[in-house]
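Colleague: Got a sequence here, can you build the structure:
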Amino acid sequence: MSSNEGTLRQRFKTGRNAAKIYNRTDEKTKILLPLPANYLLAVLGLILIVFTAVIVIEKQLPPGLKIVEEHKYPDRFIGERAYNHLRNLTSLGPRIAGSHVNEILAVNLLKKEITEIINKAKKEHVIQLDIQKNVVVRVGSHVNSPHSLLINCHFDSVVDSPGGSDDGAGCAVMLEILRVISQSNRTLRHNIIFLFNGGEENFLPASHGFITQHKWAKEVRAFINLEACGAGGREILFQAGPNHPWILETYSEEVPYPYASSLAQEIFQSGVIPGDTDYRIFRDFGNLSGLDFAWSANGYVYHTKFDTLDQVPLGSLQRTGDNILSLARGMAQGHQLSDIESHKAGNLVFFDFLGAFVVRWPMMISDIINTLSVIFSIYTVIQNSKENKNVVSKHTYLKKLFKAMGAIVGTWFASAFVSSVIAISLNLLDRTMAWYGRPLWVFFLYMVPTTLVSMFVIYLHAKYNHKDISAWPWTVFQIYFDAYQLIWTVTLTFGIIFRIRSSFIALLSAVFMATSNLIKSKLFRKQRDGKWLIFHVLILGLPFVQGFYLLIGALYLFIPIMGRAGAGNNSEILISLMISVLFALQISFAIPLILLVRDSYKVFNLLLGIFLISIGVLLLTPLGFPYSGDPRAPAPQKFMLSHTKRTFHNVSGDVIRESSGYWIIDLDINSPHTVDRFVPEVATAQLVDKDCSDYLYCGLPYLVPVLSMIWKTHFIPAPPPIFDKPTVMKVLGREKTNIGENITIEMTGPSHMGFMFSPVSGVELDSWSLPSEPLLTTIPWNKRKTYFIFYGCGYELVPLKFSLNFKIPKEHIGPIVDVAATGHYFFGPSKNTEDFQKLVSQFPAWTAVTSWSASYESWVF
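Modeller: Numbers count the residues shown, from 1 in each chain. Purely as a prediction, here's the structure:
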């Protein structure tokens, strides 16, 4: 021990200054610890308060304006009128593309509403209506600008869903915006085209048809797309661009209630969230830039019978209407639309702060800010190593710092491991997904244990790895705090290297931790007590609150998705891992405080007690039941049932097998046997297993190629369905070519059909007659490439005709390809038989069943 070290240790143990600073010693460890345990408990309580406050802030909506008071608000969006539009649209029931309801009744309803608006429009506006499969309205002026802004919604819905939020609400908002603009005295500088498209749920053909073929498509310079993956709440701007930063600048300056994040954009475009929107069509086929908005709260009702008018708050319509109206006016009145190319360059990093305002900056500025922040953060860490030189040398400090970083990474693994053990135990106890209907359970099941494990691991690591400086708890604390700061700094560095726009999260944490270090070294060098703790919490509160705000938004999105993620994906484990990692990062400012408190066992005991009590409540009370059929707050278990007829042919064309029954598509890990006592037939359901290796796509009529996600399904044998228009596949011709063989095929049947095929080993698909390049493959089948074609048409059924050109080795003998044709009956007399309807009616109120009939027929050529 050096003489300086010995002198300091003696002074801290016996001097009056030590008694003043640390108050008393810990009798068990004989180490002077400066803060009572109650201080840390207060910090944890404050975190809980912030948790609650952020949820309250997130749910705030503006009051909906009523029609009787619109004279007080001239030129304003009236939420009640949009609500009435939505009532009229949802009263039609499900609006499946190709059905009479969608193609005739919904179109006529929109035509009637729009015609009334046009008849009452002021003379400053030139309004044109064009109806094909889509309903398109062009609002211009006598200026006759050749440039237009496009606003898009879709009025079709999925089977069995009235489509209140997805996307009837978007269309209702657009109708009211159209009325407000048509009644305004302001003349538009550029045109606004309102596209009410009737085929989004049919995998986006309606928007594709407009942007590639419509007479007004070439004048579109930018677009706004309105979508929903939930009902109500706040619409989030989750995709922007590409390029054209002026669009986001306009959003930031014009909208009264911003909610936007480049983090959401990167998550959605990564493919983690199952789904697609018309944004991709306008971007890829129209070469346009724009903004994509969606409601994401209350995702439980998405694509279910619960997506009704009652699930859409008037305040949500008002908020979205105010925002989109302001944005549309700002973009249409701006000069950028007339010279779009000169404003193309650049992308923005953007996020809103608690819905109050939008922070945004160009990527180049982001790189500069991030780089300077990395330098600043590293500088403060080095300064800390110098300021503690009387306790430990700079070299030793940095060495301990890197060990502490390793320990922190260890806490993540330990938290993830403990959370996984909890999740696996809940699976074994058949108590999974309690958080689905009651999201608060994630706090008790995973956030509390994550806090406990993180603090305990750091406590143990410090106890056994820093014995040489254990008498200086502030130094020990500073090492771990700097370690957390350095981890955020490294994360930010990776964000710079890989151009990750969501690295603003790491930026906020690194900068505020570095600033905290710098200020505390000046203000609290000699005296550290409760005032220091208050300062510590306040200065690091902003990145924590912002991070928690983003975390809550992510939970609102991901928790309902777990109800449709497929039974093959264990949602309990997925949620446990996501929560443990994200929350461990969020509370990084609080974890090292455990090293400063006396009687730390009080903190550990409290956290452990909360967790154990929670487990008891979960296991012994109905509060652990995941689902709810309460119309006011539904959280249903989702089922997809298809009454299916299956026919299999051999290479000679002979039928070798036929079967029929109810195909249960398991959408969550509890499916299907949660309903056994309500639906006795489900208790006899057989897991589909061997057929997946014997037949293409398991010998089942998949609507889309989602076998990688929805691979666990069940089947209940039953009499076959009855089809008024059977799906028929004909081989019109087989012609030898210089590389192999060309097969021409024609399919007739319902408005929704599928064709899948897989060439045998050695045979390759060289080309096809369909306008799609490159030739896209789906999940392999028995190590063979597979291809999937979905075909949808409108009210008039048009046969699908195409040819496949195969490259076949000259020495090849035997079959060249397995093929299968599917037909899907989402509406009309073939949708449900009487027996099928009876089966569906037995499902309890806390379920949401989507049902239709389908056929599958396979051949070997």
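
Colleague: Leaving out chain neighbours, which residue sits closest to residue 364?
Modeller: Sequence neighbours aside, residue 346 is the residue nearest to residue 364 in space, at 7.5 Å (criterion: C-beta to C-beta, 6 or more residues apart in numbering). The C-beta positions use only the backbone N, C-alpha and C, and glycine is treated the same way.

Colleague: Looks like that neighbour contacts residue 243 (just checking).
Modeller: Yes - using C-beta atoms under 8 Å, residue 346 is in contact with residue 243, at 6.3 Å.

Colleague: any idea how far residue 85 is from residue 310?
Modeller: Distance of residue 310 to residue 85, computed by C-beta to C-beta, to the nearest Å: 16 Å.

Colleague: Please say which of the two ends up with more neighbours.
Modeller: Between residue 310 and residue 85, counting by other C-beta atoms under 10 Å, residue 85 is the more crowded of the two (23 against 14).

Colleague: Just the pLDDT at residue 29, thanks.
Modeller: Note on residue 29: pLDDT of 43.

Colleague: Kindly report the same for residue 846.
Modeller: Looking at residue 846, its pLDDT is 98.

Colleague: any idea how far it is from residue 430?
Modeller: Distance, residue 846 to residue 430, by C-beta to C-beta: 17 Å.

Colleague: Settle it for me: which of these two has more neighbours?
Modeller: Set residue 846 next to residue 430 and count neighbours by other C-beta under 10 Å: residue 846 wins out with 19 against 9.

Colleague: give the contact list for the nearest residue to the more buried one once chain neighbours are set aside.
Modeller: Sequence neighbours aside, residue 629 is the residue nearest to residue 846 in space, at 3.7 Å (criterion: C-beta to C-beta, 6+ apart). If a contact means C-beta atoms under 8 Å, 6 or more residues apart in numbering, then residue 629 has 636, 844-847 as its contacts.

Colleague: Show me the two of those residues that sit farthest apart.
Modeller: Based on C-beta to C-beta, the longest span within the contacts of residue 629 runs between 636 and 844 and measures 9.3 Å.

Colleague: So which of those two has more stuff around it?
Modeller: Between residue 636 and residue 844, counting by other C-beta under 10 Å, residue 636 is the more crowded of the two (25 against 14).

Colleague: I'd say that one and residue 626 touch.
Modeller: No - counting by C-beta under 8 Å, residue 636 does not reach residue 626; the two are 10.0 Å apart.

Colleague: Do me a favour and get the end-to-end distance for stretch 210-221?
Modeller: Across its full length, stretch 210-221 reaches 14 Å end to end, with C-alpha to C-alpha, to the nearest Å as the criterion.

Colleague: buried stuff in that stretch?
Modeller: Residues of stretch 210-221 classed as buried: 210-211, 214, 216-217, 219-221 (neighbour count, 16 or more other C-beta atoms under 10 Å).

Colleague: ok, of the contacts of residue 629, which one's closest to residue 336?
Modeller: Nearest to residue 336 among the contacts of residue 629, with distances taken as C-beta to C-beta, is residue 636, at 44.8 Å.

Colleague: any idea how far residue 564 is from the closest one?
Modeller: In terms of C-beta to C-beta, residue 636 sits 11 Å off from residue 564.

Colleague: Now do the contacts for residue 145.
Modeller: Residue 145 makes contact with 188-191, 337-338 under the criterion C-beta under 8 Å, 6+ apart.

Colleague: Return the distance of it relative to residue 219.
Modeller: 8 Å.

Colleague: Residue 134 now?
Modeller: Per C-beta to C-beta, residue 134 is found 16 Å from residue 219.

Colleague: repeat for residue 530
Modeller: Distance, residue 530 to residue 219, by C-beta to C-beta: 65 Å.

Colleague: the helices in the stretch 401-550 of the chain, which residues?
Modeller: With DSSP state H, counting those that start in this stretch as the criterion, the stretch 401-550 of the chain has helices at 434-437, 441-442, 448-465, 473-497, 504-523, 530-561.

Colleague: any chance of these in JSON lines, plus mean pLDDT and mean neighbour count?
Modeller: JSON lines is the format used below for the helices of the stretch 401-550 of the chain (pLDDT from 0 to 100; neighbours: other C-beta atoms under 10 Å):
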{"stretch": "helix 434-437", "mean pLDDT": "98", "mean neighbour count": "24"}
{"stretch": "helix 441-442", "mean pLDDT": "98", "mean neighbour count": "20"}
{"stretch": "helix 448-465", "mean pLDDT": "97", "mean neighbour count": "20"}
{"stretch": "helix 473-497", "mean pLDDT": "96", "mean neighbour count": "22"}
{"stretch": "helix 504-523", "mean pLDDT": "93", "mean neighbour count": "20"}
{"stretch": "helix 530-561", "mean pLDDT": "92", "mean neighbour count": "18"}
